[in-house]
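Undergrad: quick one: sequence and predicted model below, then my questions.
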Amino acid sequence: MTTPTPTPFELPEPREPEEHGQPSGVPGRAAQARATLKRLVKKAARVPALRPTARRLAPGVRQARRIWRRSLQLRMVTITLLCSSLLVGGFGYLIAKSSTDRLLAGAEQDARRQVMSGVKIAEQQLSAIPNPESPDTPGNVIRLLSSLTGGQEGVVVTMRFTRVTTASALSSTGSAWPQGLDLRPAITRELEREVTSPPGYRSFQYVSANLGDGTHTYLVWGSSVPTPQWRLDGAVELYYLFPVDTEVEVAKDIRSTVIFVGVALVLLLGVVTALVTRATVSPVRVAARTAQRLSAGLLDQRMVVDGEDEMALLADAFNQMAANLQRQIVRLEEMSRLQRRFTSDVSHELRTPLTTVRMAADLLYAQREDFDPASARSAELLQAELDRFEELLTDLLEISRFDAGFAMLDSEPTDLITVVRRVTERLEPVADRVGINLELVSPDPPVIAEIDPRRVERILRNLVGNAVDHGEGRPVTVTLGVDARAIAITVRDHGVGLKPGEEKLVFNRFWRADPSRARQTGGTGLGLSISLEDARLHGGWLEAWGSPGQGAQFRLTLPVRAGGRLSGSPLPLIPADVTVVRQHGNAAEVPV
């Protein structure tokens, strides 16, 4: 069965008669189409002419992707529209196709019965003609065709003769056309072949043809007429042309109605989804904005509780959480304020008696040679402990300034090599006393950076002193590195190292890895804590790495320019000479 000319609306594929089985499908066509599409996309991406277009579209694509990721309401509405479009489109297609099939099936059945009746009548009428070459044959055929129409408006009946000389004289093609009507555009060669082979076979097809009164859609049925008395099998073919314009218009109306209702339904679902999603997302947005205000320090922000539903329960729970957080934060702030004030007050109040004690201790220390050995030793111990106590008070005052937010950075262009050398030269006698060799690795040209030299020198003094205290008599290496945006200083020792997790504890106040270890450089337990605050004040990083038995390494990274932002460090945190790498994370990476 064939359909040579497409009709103005969606017609079903012509159904073959029962004698010729079922239509066949084409498996794998969808997969082939997808593969072809992928190949076309890849080829288009490699076309140089499309690259400018891709560059122009890239910002819009990124913006759309950003909006898609940030809007839950947009995602929900879009997904709902897509799913509902597929669902409504599928049901609409099934409804339209089912309605069209029923309309055309009814027309086909009526036409088939009329064709079968016409074939019987034609067989009876033609059997009355003993000789097909008789001169009366054309007139008999014309009368037969007129009787076969049955008076139906628009129905056209024609016969085609082959191997019959007299009947073929009806037209140049051997067909008996109704007077003044050429039916050749409506009867295709495919239909003729199906009708003539095998004999007695009936077939139909839908065609759009212009038979003189405009283009119409026809259901064309064809059948061969048995003529055994002529002894010419397949010599006569009978064709019926039934107009199906009414069915076409009804099918169009059904399709238009289905499309209109489907689009309206999809839009309605989209609007409903948008409203429902908005009602659901709005409280979440309010909660997010309230949480942002709370994180910004506006602790009195609360959500509005409206109703008794789940959203109201969420708002009430959020408000309770915010109230509890506010109470805790206020309490902690008050405790922190009292602690800072206590530290500052104690440090200041101890200054006066410490000065008095210092004067007396200096006097005793200056006259210790006149004392007996025990008293002289006591004067020396008193002098040393007063030095340590004074250093502790100084560190406590510095910590209180950091806690109160009063620490100020006095940046100036400084040569880091000079600062590092000054620190190593000052600590070299202490290192020599315990058998440690201080090594300095630095570039030849000066390394200039905008830093506070007093604070950076204090950081390096704490780091190098800590390495000397834990170096176990092995060399300590101080390395200086620089790039366009940052400078880095690493202090590497080969002592006992750090246990897993201790690299996060070394910057805690008064923390010691081994309390029984004697300090070679003194110290108060606040040095690394102050160093961390100094690094933060510069907008830099202070990090630690360590492994048991392989020593430790501290890395200070500072921006070259004051106020600059760090994106990396010129020197690695893990030393290159480590045989078994066991990294436990950055102890104190200070975000910019």
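TA: Perfect, thanks for sending it. In this text the structure is predicted, and so the values were computed from the model without any measurement. Numbering: from 1, shown residues only.
Undergrad: you'd agree Leu396 is up against Ser529?
TA: No - in this structure Leu396 lies outside contact range of Ser529 using C-beta atoms under 8 Å: 11.0 Å. Every residue, glycine included, has its C-beta placed from N, CA and C.
Undergrad: neighbour count: the two, which is higher?
TA: Just comparing Leu396 and Ser529: by other C-beta atoms under 10 Å the higher neighbour count belongs to Ser529, 22 against 19.
Undergrad: doesn't that one fall inside a helix?
TA: Yes - Ser529: assigned to a helix according to DSSP: H, G, I helix; E, B strand; the rest coil.
Undergrad: could you number the chain from 44 rather than 1 from now on?
TA: Got it, the first residue is 44 from now on, which makes the last one we talked about Ser572.
Undergrad: any idea how far it lies from Leu393?
TA: Using C-beta to C-beta, to the nearest Å, Ser572 is found at 20 Å from Leu393.
Undergrad: equivalent analysis for Met159, please.
TA: Applying C-beta to C-beta to Met159 and Leu393 gives a distance of 122 Å.
Undergrad: look at the two and report which has more neighbours.
TA: Between Met159 and Leu393, counted using other C-beta under 10 Å, Leu393 has the larger neighbour count: 16 against 13.
Undergrad: helix/strand/coil for the closest residue to Gly516 other than its chain neighbours?
TA: With sequence-adjacent residues excluded and distances taken as C-beta to C-beta, 6 or more residues apart in numbering, Gly516 is closest to Gly478, at 4.5 Å. Classification of Gly478 by three-state DSSP places it in coil.
Undergrad: the one 10 residues further on too?
TA: Secondary structure of Pro488, reduced to three states by three-state DSSP: coil.
Undergrad: quick one: end-to-end length of stretch 449-468, please.
TA: By C-alpha to C-alpha, to the nearest Å, the extent of stretch 449-468 from end to end equals 32 Å.
Undergrad: what sits up against it?
TA: 441, 444, 481, 483, 485-486, 489-500, 503-504, 507, 521, 523, 525, 530, 532, 576, 580-581, 605 (C-beta atoms under 8 Å, 6 or more residues apart in numbering).
Undergrad: buried ones among those?
TA: Burial by neighbour count, judged by 16 or more other C-beta atoms under 10 Å, picks out 441, 444, 481, 485, 490, 492-496, 498-500, 503-504, 507, 521, 523, 525, 530, 532, 576, 580-581, 605 from the contacts of stretch 449-468.
Undergrad: just the ones of those residues in strands?
TA: Among the buried ones among the contacts of stretch 449-468, the members found in strands (DSSP state E) are Leu481, Ala492, Glu493, Ile494, Val521, Leu523, Val525, Ile530, Ile532.
Undergrad: now do the residue nearest the centre of the chain, the pLDDT please.
TA: Centroid check for the chain by C-alpha atoms, centre = their mean gives Arg112 as the closest residue, at 7.0 Å. Looking at Arg112, its pLDDT is 81.
Undergrad: CA atoms only for the host helix or strand of it, dumped as CSV, please.
TA: If you go by DSSP states H and E, Arg112 is part of helix 94-113. C-alpha atoms of helix 94-113 as CSV (Å, rounded to 0.1, in the frame of the first residue of the first chain):
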residue,chain,number,x,y,z
ARG,A,94,33.6,29.9,16.9
PRO,A,95,32.8,33.6,16.9
THR,A,96,29.1,32.7,17.4
ALA,A,97,30.0,30.4,20.2
ARG,A,98,32.0,33.1,21.9
ARG,A,99,29.1,35.6,21.6
LEU,A,100,26.7,33.1,23.1
ALA,A,101,29.0,32.0,25.9
PRO,A,102,28.2,34.9,28.3
GLY,A,103,24.5,34.4,27.8
VAL,A,104,24.8,30.7,28.4
ARG,A,105,26.8,31.3,31.6
GLN,A,106,24.2,33.8,32.8
ALA,A,107,21.4,31.4,32.1
ARG,A,108,23.2,28.6,33.9
ARG,A,109,23.8,30.9,36.9
ILE,A,110,20.1,31.8,37.0
TRP,A,111,19.1,28.2,36.6
ARG,A,112,21.3,27.1,39.5
ARG,A,113,20.2,29.9,41.8
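Undergrad: and it, what does it pack onto?
TA: helix 115-170 (3 or more C-beta pairs under 8 Å, 6 or more residues apart in numbering; DSSP states H and E).
Undergrad: and the helix it packs on, what does it pack onto?
TA: Under the contact rule (3+ C-beta pairs under 8 Å, 6+ apart), helix 115-170 is packed against helix 94-113, helix 180-191, strand 245-253, strand 258-267, strand 279-286, helix 288-338.
Undergrad: quick one, the first one and helix 115-170 angle?
TA: Yep, that's helix 94-113 we're talking about. For helix 94-113 against helix 115-170, the angle by axes from the mean of the first three to the mean of the last three C-alpha atoms, to 10 degrees is 110 degrees.
Undergrad: and for the third one?
TA: Orientation check (the same axes, to 10 degrees): strand 245-253 against helix 115-170 gives 110 degrees.
Undergrad: partner strands of strand 245-253, parallel or antiparallel?
TA: strand 258-267 (antiparallel) (DSSP bridges).
Undergrad: could you do the fifth one as well?
TA: Under the criterion DSSP bridges, strand 279-286 sits next to strand 199-204 (antiparallel), strand 258-267 (antiparallel) in its sheet.
Undergrad: export these as CSV, with columns for mean pLDDT and distance to Phe553.
TA: Listed next are the strands paired with strand 279-286 as CSV, based on pLDDT from 0 to 100; distance: least, C-beta to C-beta, whole Å:
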stretch, mean pLDDT, distance to Phe553
strand 199-204, 70, 110
strand 258-267, 81, 97
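Undergrad: deepest-packed of those strands, please.
TA: strand 199-204 (a mean of 24; mean count of other C-beta atoms under 10 Å).
Undergrad: and the ones in strands among the buried ones among the contacts of stretch 449-468, which is closest to Pro472?
TA: Among those, Leu481 lies closest to Pro472 (C-beta to C-beta), at 10.4 Å.
Undergrad: that closest one against Leu503, yeah?
TA: No - judged on C-beta under 8 Å, Leu481 makes no contact with Leu503 at a distance of 11.6 Å.
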